[in-house]
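In: coordinates only, sequence not included:
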Ligand SMILES: O=C(O)c1ccccc1NCC(=O)[C@H](O)[C@H](O)COP(=O)(O)O
């Protein structure tokens with residue numbers, strides 16, 4: 001099956017359209033204010049309103065209040081939720097929306113146990129771990145640490161770029177890959193040529 005691609009940290013319409021033109025399946029919008037890729041919900045709403053059909057939009061939160069999550073969902077009409085903090089399964093399920101859970105590969109993480117905990121999720125995103133930084137680290141983790149045959153669709157993230165994504169796909173065979181820093185000219189500003197190169201590498205690996 002073809003590896004899907006999510007390009008995260010979209011803050012500009014031109015970057016969203018470039019990602020779609022290059023073949024991205026999903027666009028991620030970071031609603032975590034400390035992130036340099038944070039996008040104001042009104043800006044995300046305006047971008048999403050101008051997208052063509054058949055592109056999944058993803059709202060990314062880190063331990064946010066349910067009120068804030070619901071407010072942004074109502075404002076933007078985003079399709080999918082990505083929880084990238086220490087959210088519990090019960091917290092994630094309260095929104096009655098499809099979601100996927102990000103798990104950071106800390107030294108003591110039990111991925112199989114996390115898979116069982118978040119059995120209601122549409123997928124499990126495995127990301128690099130850097131203490132104090134919830135995501136968008138630009139760092140890859142040791143893919144050998146990923147258990148085989150996980151019970152949820154695996155989304156691989158962390159330090160992916162045009163130079164390593166084909167190897168990542170060949171080794172891990174994820175359902176999808178997720179990239180942010182590897183296709184940027186600066187944090188929050190995507191680089192069209194890097195997006196195209198990344199997507200070409202994904203296509204060659206499939
Ligand atoms: O991208 C961020 O700035 C970010 C900040 C806080 C929580 C999550 C964040 N990003 C989540 C993502 O899904 C990123 O695409 C993922 O962490 C991979 O980022 P990168 O290593 O830069 O490709």
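Out: Alright, I've got the coordinates. Note that the structure is predicted; figures quoted are calculated from it, not measured.

In: check which helix or strand covers the residue positioned nearest the centre of the chain.
Out: By C-alpha atoms, centre = their mean, the mean C-alpha position of the chain lies nearest to residue 178, the distance being 4.9 Å. Take DSSP states H and E as the rule and residue 178 turns out to sit in strand 176-179.

In: check residue 51 too.
Out: In this structure, residue 51 sits in neither a helix nor a strand according to DSSP H and E.

In: list the residues that contact the nearest residue to it once chain neighbours are set aside.
Out: Residue nearest to residue 51 in three dimensions, not counting chain neighbours: residue 16, with 6.3 Å by C-beta to C-beta, 6 or more residues apart in numbering. C-beta coordinates here come from the backbone N, C-alpha and C atoms, glycine included. The contact partners of residue 16, by C-beta atoms under 8 Å, 6 or more residues apart in numbering, come to 10, 27, 47, 51.

In: the first one contacts residue 31, correct?
Out: No. Under the criterion of C-beta atoms under 8 Å, residue 10 is not in contact with residue 31, lying 11.6 Å apart.

In: neighbour count for these two, which is higher?
Out: residue 10 (29 against 22; other C-beta atoms under 10 Å).

In: what is the burial count for residue 160?
Out: 26.

In: how near is the residue nearest to residue 51 to the ligand?
Out: According to C-beta to the nearest ligand atom, to the nearest Å, residue 16 stands 15 Å off from the ligand.

In: cool, and residue 182?
Out: For residue 182, the distance to the ligand - C-beta to the nearest ligand atom - is 5 Å.

In: wait, a strand at that residue?
Out: No. Counting by DSSP: H, G, I helix; E, B strand; the rest coil, residue 182 is not found in a strand; it is helix.
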